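Chemist: A predicted structure for the sequence below; I have some questions about it.
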Amino acid sequence: MSTEAKARPRRREMAAATSGAGRCLSKVGASRRPPPARVRVAVRLRPFMDEATRASEAPCVRGIDSCSLEVANWRKYQETLKYQFDAFYGEKSTQQDIYVGSVQPILRHLLEGQNASVLAYGPTGAGKTHTMLGSPEQPGVIPRALMDLLQITREESAEGRPWDLSVTMSYLEIYQEKVLDLLDPAAGDLAIREDCRGNILIPGLTEKHITTFSDFEQHFLPASKNRVVGATRLNQRSSRSHAVLLVKVGQRERLAPFRQREGKLYLIDLAGSEDNRRTGNQGIRLKESGAINTSLFVLGKVVDALNQGLPRIPYRDSKLTRLLQDSLGGSAHSIIIANIAPERRFYQDTVSALNFTARSKEVINRPFTNESLQPHALAPVKLSQKELLGPSEAKKAKGPEEESTGSPESIAAPASASQKLSLLQKLSNMDPAMLENLLSLDRLLGSQGSQGTPLLNTPKRERMVLIKTVEEKDLEIERLKMKQKELEAKVLAQEVLDPKEKENTPATPQPLPSGPGTSARPLKRAVVMPLQLIQKQAESKIHILKKGHKRKLEPSQESKPVEKAEDCWELQISPELLAHGRKKLLDLLNEGSARDLRSLQLIGQKKAQLILGWRELHGPFSKVEDLEQVEGISGKQVESFLKANLLGLAAGQHCGPS
């Protein structure tokens, strides 16, 4: 064996340690490194697309056994490439076979507070989306995994079990290096961040709580329609983006020490690598395929860097690899389902996909349990200093006068612990089941002759920290009260100094509510507009109308909801001016250049190029609402575009082409 061959396993171990284990040591300790878990790879061979091709040519892929396959070079039949993976599924394999054999075993790791990921990889038209989604008759990995996971969480969080479980879901896509929220398409491009513990997160990503499979379908099915798809020569509904379904399983322990765990499941449907000579991509499709191929190329670089033990892993070179940082060389149990095609014309794509997965199965992850302790249960409870001190220290804290003149009630009070008022009964904001368990334990200790409540006799250092926290909260409340009084005094002084404004006020302003639990609302006032501004509005035919609407007040315990009429102001534009603005906007869309389009609100460089490309293919727009037909512009975006631009064009503020 050569020196290079001996050093290669050592470099792989170093790569795994630098990429994944470095973040784990802070959680499990330097003496307990997380056990390694190799990335598992399963290969699925789809059937022929049509019977004519099946009859005219032999497949270039042949399965040897349940883990091995060979690929025959259709130009040189004597050349064959043999591969061995964790599992191989032939043409007759079903969705159930793939799910039970490869995906279902990793779900148990979520209940241990660990992360897991499933990636569907392969060339375009190889059946990745079918493997992940399936059909109503043959559901794929995603619906089967969610159905089993929700069933497991219901059983594990039943009454009497030690853990309380909850499930949330998020759904996103990476389209042309933009992270888009499919549950909220109007959110725009989201950023990928990394916290101090090394966990990858996306601030602002929508999360939906789900308890049943119908809840999952209610959110997932409409969101799937927001994913970008397009027609190519190889696939009529080709995925033009990488879709990621993120499922979080949160666990909370019902008894002490009240631990909390969180496991994440990434279900990823990658877009396929494309050969534009076969797909016939042009225009926007060509740009999409370029972004897809670039991200998949960076994915291959990450795998190679992990296997070679390079000091820098290029996770940040692509949004896809940045999001998969936990799945490859990180802290997740990962499985890659490589989808390949049997036709000869896909020989190069098949070999490329198999070579990538062969390198990926050498990557080592180090999963760990994401576990933390619940914040102290006594933190939100405001207790006096004497209650926080123990019996002996409270006696020392008393003054000489208090000791000499004790109240007769305290002297006559019985000393038995069963008749004393337990401090645990003050924790009314605690979970009822948890409070009942603590009270039961308290009564048990009292029946055994314990004096007081030892559960609250914390060490002196913790008591002093709690006392300091309570004092800081009291000072903050007093400061807010003083600030609110100053604001009220300023408002009253302004009303006295401005009698004209006070005369035009339609109603006497009510005093601001005081108290730490209420928020101040601004006073309503009628604004006296200058005469020149009123004349200018009359000339521009933009009117300000007063419109009343009802607002429901919060009902009390014994009274019905009361409705109170409030005044609001709205803008109304004359129909002639609105039609003129629509015409100017339509002329700008049909005749304007890219620079003119970018001057519009909510239109950037990419959307301007999309509009120009659509205009070259289909001709001018017949109406402004036709923008919805442009790939990448939804109906909600068109409505926001109209609201943002019509008023400015109607008022003559836009300077477009004449």
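Modeler: Thanks, I have it.
Chemist: for the stretch 101-250 of the chain, what spans make up the strands?
Modeler: 115-121, 163-175, 178-181, 193-194, 200-201, 208-210, 229-230, 238-239, 242-253 (DSSP state E, counting those that start in this stretch).
Chemist: Pull out the buried residues from the third one.
Modeler: Within strand 178-181, the residues that count as buried by 16 or more other C-beta atoms under 10 Å are 179-181. Placement of C-beta: from N, CA and C, glycine included.
Chemist: same thing with the longest one?
Modeler: Neighbour-count burial for strand 163-175, counted by 16+ other C-beta under 10 Å, picks out 163-165, 167, 169-175.
Chemist: tell me what it is packed against?
Modeler: Using 3 or more C-beta pairs under 8 Å, 6 or more residues apart in numbering; DSSP states H and E, the elements in contact with strand 163-175 are helix 141-156, strand 178-181, strand 208-210, helix 213-225, strand 242-253, helix 284-308, helix 319-323.
Chemist: averaging pLDDT over each of the ones you listed, which comes out lowest?
Modeler: Note on the helices and strands packed on strand 163-175: lowest mean pLDDT is at helix 284-308, with a mean of 88.
Chemist: same for that helix, what does it pack against?
Modeler: So helix 284-308, by 3+ C-beta pairs under 8 Å, 6+ apart, packs with helix 3-16, strand 163-175, strand 229-230, helix 276-279, helix 319-323, helix 347-360.
Chemist: Leu246 pairs with what?
Modeler: Beta-bridge pairing of Leu246 under DSSP bridges involves Ser170, Tyr266.
Chemist: Tell me, how many residues neighbour Gln629?
Modeler: For Gln629, the neighbour count with other C-beta atoms under 10 Å is 11.
Chemist: just Pro123 next, same as before
Modeler: Pro123 - counted by other C-beta under 10 Å - has 23 other residues nearby.
Chemist: Then Gly604?
Modeler: With other C-beta under 10 Å as criterion, Gly604 counts 11.
Chemist: Is it in contact with Arg598, as I believe?
Modeler: Yes - Gly604 is in contact with Arg598 according to C-beta atoms under 8 Å; the separation is 6.6 Å.
Chemist: In contact with Ala338, which residues are there?
Modeler: By C-beta atoms under 8 Å, 6 or more residues apart in numbering, the residues touching Ala338 are 41-44, 85, 121-122, 353-354, 356-357.
Chemist: Confirm it sits in a helix?
Modeler: No - under DSSP: H, G, I helix; E, B strand; the rest coil, Ala338 sits outside any helix and is assigned strand.
Chemist: which strand residues sit across from it in the sheet?
Modeler: So, taking DSSP bridges as the rule, Ala338 has Val43, Tyr121 as bridge partners.
Chemist: and the gap between it and Phe368?
Modeler: 27 Å (C-beta to C-beta, to the nearest Å).
Chemist: and if you look at Val141?
Modeler: Distance from Val141 to Phe368, by C-beta to C-beta: 25 Å.
Chemist: now Glu495
Modeler: Taking C-beta to C-beta, one finds Glu495 at 62 Å from Phe368.
Chemist: How about Asp474?
Modeler: Counting by C-beta to C-beta, the gap from Asp474 to Phe368 is 41 Å.
Chemist: next one: Asn355
Modeler: Applying C-beta to C-beta to Asn355 and Phe368 gives a distance of 31 Å.
Chemist: Give me the contact list for stretch 71-78.
Modeler: Contacts of stretch 71-78 with the rest of the structure, by C-beta under 8 Å, 6+ apart, involve 60-62, 79-81, 83, 344, 347, 350-351, 354.
Chemist: mind checking the longest helix of this protein?
Modeler: Under DSSP state H, the helix in the chain containing the largest number of residues is helix 460-497.
Chemist: other SSEs contacting it?
Modeler: helix 385-388.
Chemist: Leu299 is in contact with Ile313, correct?
Modeler: No - if you go by C-beta under 8 Å, Ile313 and Leu299 don't touch, sitting 11.6 Å apart.
Chemist: So for the residue lying closest to Ser68 once chain neighbours are set aside, what's the pLDDT?
Modeler: The shortest distance from Ser68 to any non-neighbouring residue, by C-beta to C-beta, 6 or more residues apart in numbering, is to Gln84 (4.7 Å). Gln84 carries a pLDDT score of 94 in this model.
Chemist: Give me the pLDDT for Cys568.
Modeler: For Cys568, pLDDT reads 49.
Chemist: Show the subsequent helix or strand relative to the helix or strand bottoming out on mean pLDDT in the chain.
Modeler: Least confident helix or strand, the chain: helix 22-28 with a mean of 37, by mean pLDDT, DSSP states H and E. The helix or strand immediately downstream of helix 22-28 is strand 37-38, counting by DSSP states H and E.
Chemist: Tell me the strands beside that next one, with direction?
Modeler: In its sheet, and by DSSP bridges, strand 37-38 pairs with strand 364-365 (antiparallel).
Chemist: So for the partner strand, mean pLDDT?
Modeler: On average, strand 364-365 scores 92.
Chemist: what residues does the helix or strand following that strand touch?
Modeler: Remark: after strand 364-365, the chain's next helix or strand is strand 371-373, criterion DSSP H and E. If you take C-beta under 8 Å, 6+ apart as the criterion, strand 371-373 is touched by 113, 257-261.
Chemist: and Leu69, which of the three is it?
Modeler: Taking three-state DSSP, the label given to Leu69 is strand.
Chemist: That one: how many residues sit nearby?
Modeler: Using other C-beta under 10 Å, Leu69 has 22 other residues around it.
Chemist: Check the one 3 residues further on too.
Modeler: Neighbours of Ala72 under the rule other C-beta under 10 Å: 18.
Chemist: Over to Trp74?
Modeler: 15.
Chemist: Restricted to strands, list the contacts of strand 371-373.
Modeler: Residues of the contacts of strand 371-373 located in strands (DSSP state E): 259-261.
Chemist: hey, where'd the strands end up in the stretch 551-658 of the chain?
Modeler: 563-573.
Chemist: Contacts only, for the residue nearest to Thr153 when sequence neighbours are not counted.
Modeler: Nearest residue to Thr153, sequence neighbours excluded (C-beta to C-beta, 6+ apart): Leu165, at 4.2 Å. Contact analysis of Leu165 by C-beta under 8 Å, 6+ apart lists 111, 153, 156-157, 249-251.
Chemist: now for those residues, which pair is the farthest apart?
Modeler: Farthest-apart pair in those is Glu156 and Gly250; separation 12.0 Å (C-beta to C-beta).
Chemist: Can you pull out the low-pLDDT segments for the stretch 351-500 of the chain?
Modeler: Applying pLDDT under 70 to the stretch 351-500 of the chain flags residues 374-461, 463, 498-500.
Chemist: Gly101: neighbouring residues, count only.
Modeler: Neighbour tally, Gly101, other C-beta under 10 Å: 15.
Chemist: Model confidence at it, what's the number?
Modeler: For Gly101, the model assigns a pLDDT of 95.
Chemist: Also the one 3 residues further on?
Modeler: pLDDT for Gln104: 95.
Chemist: which residue sits closest to it, ignoring its sequence neighbours?
Modeler: That would be Asp148: by C-beta to C-beta, 6+ apart, it lies 6.6 Å from Gln104.
Chemist: Would you agree that neighbour is in contact with Leu107?
Modeler: Yes - counting by C-beta under 8 Å, Asp148 touches Leu107, with 6.2 Å between them.
Chemist: what residue ranges in the stretch 51-200 of the chain score low on pLDDT?
Modeler: Within the stretch 51-200 of the chain, the ranges that satisfy pLDDT under 70 run 77.
Chemist: give the contact list for Ser157.
Modeler: Under the contact definition (C-beta under 8 Å, 6+ apart), the residues listed for Ser157 are 163-166.
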